[in-house]
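Peer 1: got a predicted structure plus its sequence, pasted below:
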Amino acid sequence: MTTTSRRPVYLNLLKIKLPIAGIMSIIHRATGVFMFLALPYLIHLLDLSLSGPGGYAEANTALHSLFGVVFVFLIMWSLAHHFLAGIRYLLIDVDYGVEKEMAQQTALGVVIAGPILGLLLAGGVL
Amino acid sequence: MSRKASGLKAWAIQRLTAMYIGLFSLYLVAVLMFAAPADYGAWKAWIGSPLLSVAMLLFVVSVLMHAWIGVRDVLIDYIHPIAIRATALGLVALSLVAMGLWAAQALILVRLV
């Protein structure tokens, strides 16, 4: 890479005011990294649940413990946010929802819907 | 492949895998919410059925490719020293392949026993 220009770089996170689409984008990243970090535990649970009736019961118990419930909520929130923000990105790819007002509204909608859907889905599957 | 073309390829893969992950997740969550297998036998029969088994393996591959592109972009944005960046990327790639094999092993074993 040959970016030798002397453009000012101003990325002090405490001083820049992030627009709502930026907040949505950061949550997209955070939830993505969280799901990546959660992969080993998810695969462990799948492996355990398929290992036999004992393992199945063990996985079931783990998912219904306090840790399990919080974990499932966070996974469902992440999944819902990624799902909705992903659809928003795909629509923007085909030039739908690019205008400032619409882009701000959909970003806010995604940010708010994420945890609500997370709660509903976690309650639904547990 | 040029830098530009490889970026375009990553962009396309990210969207293609996203669509499959999105649709299949919708199906998985819907089943778990409204028609969850009641016991180990039903769970094993469902996950181990020929069609779902292949769909799950495809899901695993899609998630790993999607996670690779996403995590790679995050690491490249925040880790600048080239040696640390390369090491981190290598570890992520290795861990993704390992997790893919682990999941595939569980999904294939359940069809054999």
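Peer 2: Ah, there it is.
Peer 1: so where do the helices sit in chain B?
Peer 2: B:3-34, B:40-47, B:50-78, B:82-112 (DSSP state H).
Peer 1: now the longest one: buried residues?
Peer 2: Meaning helix B:3-34. Within helix B:3-34, the residues scored as buried using 16 or more other C-beta atoms under 10 Å in any protein chain shown are B:Ala10, B:Gln14, B:Thr17, B:Ala18, B:Tyr20, B:Ile21, B:Gly22, B:Phe24, B:Ser25, B:Leu28, B:Val29. For the C-beta atoms, the positions are set from N, CA and C on the backbone; glycine is no exception.
Peer 1: how about the second one, what does it touch?
Peer 2: Under the criterion of C-beta atoms under 8 Å, 6 or more residues apart in numbering or on different chains, the contact list for B:Gln14 reads B:His66, B:Ile69, B:Gly70.
Peer 1: who wins for most neighbours among these?
Peer 2: B:His66 (23 neighbours; other C-beta atoms under 10 Å in any protein chain shown).
Peer 1: check contacts around that one.
Peer 2: Here B:His66 is in contact with B:Ile13, B:Gln14, B:Thr17, B:Ala18, B:Ile21 (C-beta under 8 Å, 6+ apart).
Peer 1: state the pLDDT value of the closest residue in space to the first one that isn't next to it in sequence.
Peer 2: Counting by C-beta to C-beta, 6 or more residues apart in numbering or on different chains, B:Ile13 lies nearest to B:Met65, which is 5.9 Å off, once chain neighbours are set aside. In the predicted model, B:Met65 carries a pLDDT score of 97.
Peer 1: what is the burial count for B:Met65?
Peer 2: 19.
Peer 1: could you list the low-pLDDT ranges of chain A?
Peer 2: A:1-4 (pLDDT under 70).
Peer 1: and for chain B?
Peer 2: Using pLDDT under 70, the flagged stretches of chain B are B:1-5.
Peer 1: point to the residue nearest the middle of it.
Peer 2: B:Val63 (1.9 Å; C-alpha atoms, centre = their mean).
Peer 1: could you pull up the residues touching that residue?
Peer 2: B:Val63 neighbours (C-beta under 8 Å, 6+ apart): A:Leu39, B:Thr17, B:Ile21.
Peer 1: what does B:Phe24 give?
Peer 2: Counted by C-beta under 8 Å, 6+ apart, B:Phe24 has contacts B:Ala55, B:Leu58, B:Phe59, B:Ser62.
Peer 1: not counting sequence-adjacent ones, nearest residue to the last one?
Peer 2: So the one you mean is B:Ser62. Nearest to B:Ser62 is B:Thr17, by C-beta to C-beta, 6+ apart, at 4.1 Å.
Peer 1: against chain A, how distant is the residue of chain B most remote from its centre?
Peer 2: Here the centre of chain B is the reference, and by C-alpha atoms, centre = their mean the most remote residue is B:Pro81, at 28.1 Å. Distance from B:Pro81 to chain A, counting by C-beta to the nearest C-beta, to the nearest Å: 14 Å.
Peer 1: for that residue, what are phi and psi?
Peer 2: Per-residue torsions, B:Pro81: phi -60, psi 120 (degrees, to the nearest 10).
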